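Peer 1: My questions concern the predicted model and sequence given below.
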Amino acid sequence: MYRYDEFDAAMVADRVAQFRYQVERRLAGALSEDEFKPLRLKNGLYLQLHSYMLRIAIPYGTLSAQQLRKFAYIARTYDRGYGHFTTRQNLQFHWPRLVDVPDILAELASVEMHCIQTSGNCIRNVTADQFAGAIAGEIEDPRILSEIVRQWSTFHPEFSYLPRKFKIAVSGTTHDRAAVKFHDIGIEIIKNDAGETGYRVFVGGGMGRTPYVGLEIGRFVAPEDILAYLEACMRVYNEYGRRDNIYKARVKILAHQLGADEFRRQAELEFAEIKKAGTLQLPERELARIAAYFAPPEFENLPEESPEFDAALANRDFANWAKTNLTPHRAKGYAIATISLKAIGATPGDASADQMDALAQLMDDFGYEEIRVTHEQNLVLPHVKKRDLPVIFARLKMLDLATANAGLITDIICCPGLDYCDLANARSIPIAQAIQQRFADLERQHELGELKIKMSGCINACGHHHAGHIGILGVDKKGVEFYQIQLGGSGAEDASVGEIMGPGFGKDEIVDAIERVVDAYLKLRMDGERLLDTYRRVGMAPFKNMVYQEQLHAAY
Amino acid sequence: MPLIKNGAFAKDPFIFVPEGKAFPEDMGVMVTLERFQSERENIFAHNMPVAVKLASSENPEVLKGDLPRIAAIAIEFPIFRDGRGFSWARMLRTRLGYTGEIRAVGHFLFDQLAFMVRVGFDAFEVRQDFRIEDFTRAMGEMHYVYQPSADGKKTVFDLRAVK
């Protein structure tokens, strides 16, 4: 994985000192809260319902054992013994004290981590496919470009006071696990007909109150031009993005108002100007230097089959876990293992200090250099020998980290909701937990197949409800929590925005309603269809009929 | 308002002349873009240095043909969160090759000064209580930069290449 050189280290150290001075001025009253707010936000520090919240950047979701241990240490020393992994592959601590934050930052800097630009109206932490470097069919490891973009966007003097936040994601395969079309800019690494690698650039995707799938703006951007192209798109946005209305300030509004052709025309005018100056061309040597950090580990030459693995399949728990939580690896005899942070009844995305320490130990024991965070709020061991899997599974099980539900109905994406968040209208964690309990039976989960439930406690859509096969949105109706159901969203390569089914359900009705959606799917589905496929084939009406009619029956 | 120019307090050679007011005889004048455009010839005929003040929504490209005759361009920050001025300054320096003064006016923070200098601002109208030590401090907070801008500072990419 990427390692800081003296320049990267100096940047982070300077930032810690700078933020320390900002906190001093705030505590001394020299900065008003209004003036301090954007400064602390640019360093990932939010003021939540009950306390501050600190969001730590995990660039493109890659972590070392040492970094994971540091999270555990911070969780114990400065927080309440746990951390929360987010849909942007970051980690949040929900209970730090303001006076401690500079010290926490110094701790993070000691392991090459920071909170730079994890919030605020700037370019946020870049996210990427969690299977980078491990999955077959990858054109290029998306973390190479992600790291280049991370550096270019860090303390960018021109784009640190944008109309609104700006999120970039990169995918290196045709199968999109990074939700690139739901980002302000999504980059898909592609090959052209001549076999050259380049970048397809989508602009203006997003969720929130006006969800949009990104528009294809750059059809094939040459690697050396990508920063110039991004800078061009950013400049169009900085100059013309709306600043009069916070709800219309994201680039998605500008891009969709201009349309793809006009946005592309403006971006390409800028691009031509930037290329004239020439300073943003990416030097070959720097590209090679960064790429070398992401060279895959040397894989042993193993047979595809492993007797240890095959023998362990006799154990039903292991077999179930293998079925959902393992993904084929590009190297023979290896697998990609997803560690679910969605144990039934747990808070989606949370990990305790003990779990983080134990995972770091497991990484050390097996010589794993890195662990990944997924946007679906799980963790991933990217390069596991199949013969080691039975032992890995046993150890994960002892840590409550062997839940066999990756991609299934209980693998729910969920925002912190009204339990923590200042913006939320409704609680989401207890609803997610109740749905997990209802569908806890693993056989039933397997019967339902891939089914992505995503839930947000307000219209800001941090829980990606627009992209859920089933999306749930918490709303507030005169002080009472209600939950709307959406169907048909997808955050993958077949990206789509879900449609609202109809009137919402109370907190005591929503789990039953979800169950009726699922029952309707089972009645309607044809062979091999996921709920998403069935919905796309039959539309909303049959689902709606069954869900609301049976609600009436139930009332009598 | 105190003016910082090239890192030190300086006497302001311009006076802002509001709509409808006559130009003073012996001083440089600063006018809004609207007034500049409507009284262009008259303003240059005055024969004192001319400065134009742009609102944050005004793209400096409209001044393109007149830039060699404009001594200073003031870019207004109505609120520190409005970052359009960063792009206007960058565009003036890098694309339009403007070498006159670019002045930040309005509401901006100590913490934005380093970014402002990077994109091409070299003059700042600051609050009465602003201390020059703070300006110096702001310039020294970060030692390196990752991306090229109007200041021509060597980037980390450049520094790595010569290591």
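Peer 2: That came through fine.

Peer 1: By residue count, which helix of chain B is the longest?
Peer 2: For chain B, the longest helix by residue count, based on DSSP state H, is helix B:132-140.

Peer 1: Mind giving me the packing neighbours of that helix?
Peer 2: Counting contacts by 3 or more CB pairs under 8 Å, 6 or more residues apart in numbering or on different chains; DSSP states H and E, helix B:132-140 packs against helix B:113-119. Glycine gets a C-beta too; all of them are placed from N, C-alpha and C.

Peer 1: which residues touch the helix it packs on?
Peer 2: Helix B:113-119 is contacted by residues A:155, A:157-158, A:160, B:86-87, B:89-90, B:93, B:104, B:108, B:124, B:135, B:138-139, B:141-142, B:145, B:149-151, B:153 when judged by CB atoms under 8 Å, 6 or more residues apart in numbering or on different chains.

Peer 1: For these, which ChimeraX command selects only the ones that are buried?
Peer 2: Selection of buried members from the contacts of helix B:113-119 for ChimeraX, criterion 16 or more other CB atoms under 10 Å in any protein chain shown:
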select /A:155,157,158,160 /B:86,87,89,90,93,104,108,124,135,138,142,145,149,150,151
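
Peer 1: The contacts of helix B:113-119 in helices, which ones?
Peer 2: Per DSSP H, the contacts of helix B:113-119 map to helices at B:86-87, B:89-90, B:135, B:138-139.

Peer 1: Could you export those residues as TSV, including pLDDT and distance to A:Gly471?
Peer 2: Compiled in TSV, these are given as follows (pLDDT from 0 to 100; distance: CB to CB, whole Å):
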residue	pLDDT	distance to A:Gly471
B:Phe86	98	37
B:Ser87	98	36
B:Ala89	98	43
B:Arg90	97	40
B:Phe135	95	50
B:Ala138	94	45
B:Met139	95	48
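
Peer 1: ok, the closest residue to A:Tyr161 other than its chain neighbours - how many residues close by?
Peer 2: Distances taken as CB to CB, 6 or more residues apart in numbering or on different chains put B:Gly83 closest to A:Tyr161, at 2.6 Å, once the chain neighbours are dropped. By other CB atoms under 10 Å in any protein chain shown, 26 other residues sit near B:Gly83.

Peer 1: One more: the one 5 residues further on?
Peer 2: Number of residues near B:Trp88 (other CB under 10 Å) recorded here: 26.

Peer 1: Roughly how far does it sit from A:Glu158?
Peer 2: Distance of B:Trp88 to A:Glu158, computed by CB to CB, to the nearest Å: 10 Å.

Peer 1: helices and strands of chain A: which one bottoms out on pLDDT?
Peer 2: Sorting the helices and strands of chain A by mean pLDDT, DSSP states H and E puts helix A:540-555 at the bottom, at a mean of 82.

Peer 1: OK, now which residue of the stretch 51-200 of chain A is nearest to chain B?
Peer 2: A:Tyr161 (2.6 Å; CB to the nearest CB).

Peer 1: give the contact list for that residue.
Peer 2: With contacts defined as CB under 8 Å, 6+ apart, A:Tyr161 is in contact with A:38, A:121-122, B:80-83, B:86, B:112.

Peer 1: Nearest to A:Ala28 among those residues?
Peer 2: The closest of the contacts of A:Tyr161 to A:Ala28 turns out to be A:Pro38 (CB to CB; 18.4 Å).

Peer 1: Once you drop chain neighbours, what's closest to the closest one?
Peer 2: A:Gly120 (5.7 Å).

Peer 1: now swap in A:His465 and tell me
Peer 2: A:Gly471 (3.4 Å).

Peer 1: A:Ser490 is in contact with that neighbour, correct?
Peer 2: No: if you go by CB atoms under 8 Å, A:Gly471 and A:Ser490 don't touch, sitting 10.3 Å apart.

Peer 1: Please compare these two by neighbour count and tell me which comes out ahead.
Peer 2: Each of A:Gly471 and A:Ser490 has its neighbours counted (other CB under 10 Å); A:Gly471 has more, 30 against 23.

Peer 1: helices or strands up against the one helix or strand the more buried one maps to?
Peer 2: Using DSSP states H and E, A:Gly471 sits within strand A:470-477. Where contact means 3+ CB pairs under 8 Å, 6+ apart, strand A:470-477 is packed against strand A:453-456, strand A:480-487, helix A:510-524.

Peer 1: hmm, try it at 6 Å
Peer 2: In terms of contacts (3 or more CB pairs under 6 Å, 6 or more residues apart in numbering or on different chains; DSSP states H and E), strand A:470-477 is packed against strand A:453-456, strand A:480-487.

Peer 1: what sits up against the longest one?
Peer 2: Residues outside strand A:480-487 that contact it (CB atoms under 6 Å, 6 or more residues apart in numbering or on different chains): A:426, A:471-475, A:498, A:500-501, A:504-505, A:507, A:510, A:535.

Peer 1: Derive a ChimeraX selection command for the buried subset of the residues you listed.
Peer 2: Buried residues among the contacts of strand A:480-487 (16+ other CB under 10 Å), as a ChimeraX selection:
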select /A:426,471,472,473,474,475,498,501,504,505,507,510,535
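
Peer 1: Return the closest of the contacts of strand A:480-487 with respect to A:Arg372.
Peer 2: A:Gly471 (24.8 Å).

Peer 1: which non-adjacent residue is nearest A:Ala255?
Peer 2: Per CB to CB, 6+ apart, closest to A:Ala255 is A:Gly204, 2.9 Å.

Peer 1: how about that neighbour, what does it touch?
Peer 2: Neighbouring residues of A:Gly204 by CB under 6 Å, 6+ apart: A:212, A:214-215, A:251-252, A:255-256.

Peer 1: residue ranges with poor pLDDT in chain B?
Peer 2: Within chain B, the set of residues satisfying pLDDT under 70 is empty.

Peer 1: residues from it in reach of chain A?
Peer 2: B:81-83, B:86-87, B:90, B:94-95, B:111, B:115, B:118-119, B:141-144, B:146-149, B:156-157 (CB under 6 Å from any CB of the partner chain).

Peer 1: how much space between A:Cys233 and A:Gly506?
Peer 2: A:Cys233 is 43 Å from A:Gly506, where distance means CB to CB.

Peer 1: neighbour count winner among these two?
Peer 2: A:Cys233 (26 against 12).

Peer 1: I'd say the more buried one and A:Ala267 touch.
Peer 2: Yes: using CB atoms under 6 Å, A:Cys233 makes contact with A:Ala267 at a distance of 5.0 Å.

Peer 1: If I look at the residue lying closest to A:Ala492 once chain neighbours are set aside, what pLDDT would I see?
Peer 2: Spatial nearest neighbour of A:Ala492, excluding adjacent residues (CB to CB, 6+ apart): A:Asp176 at 5.2 Å. On pLDDT, A:Asp176 comes in at 97.
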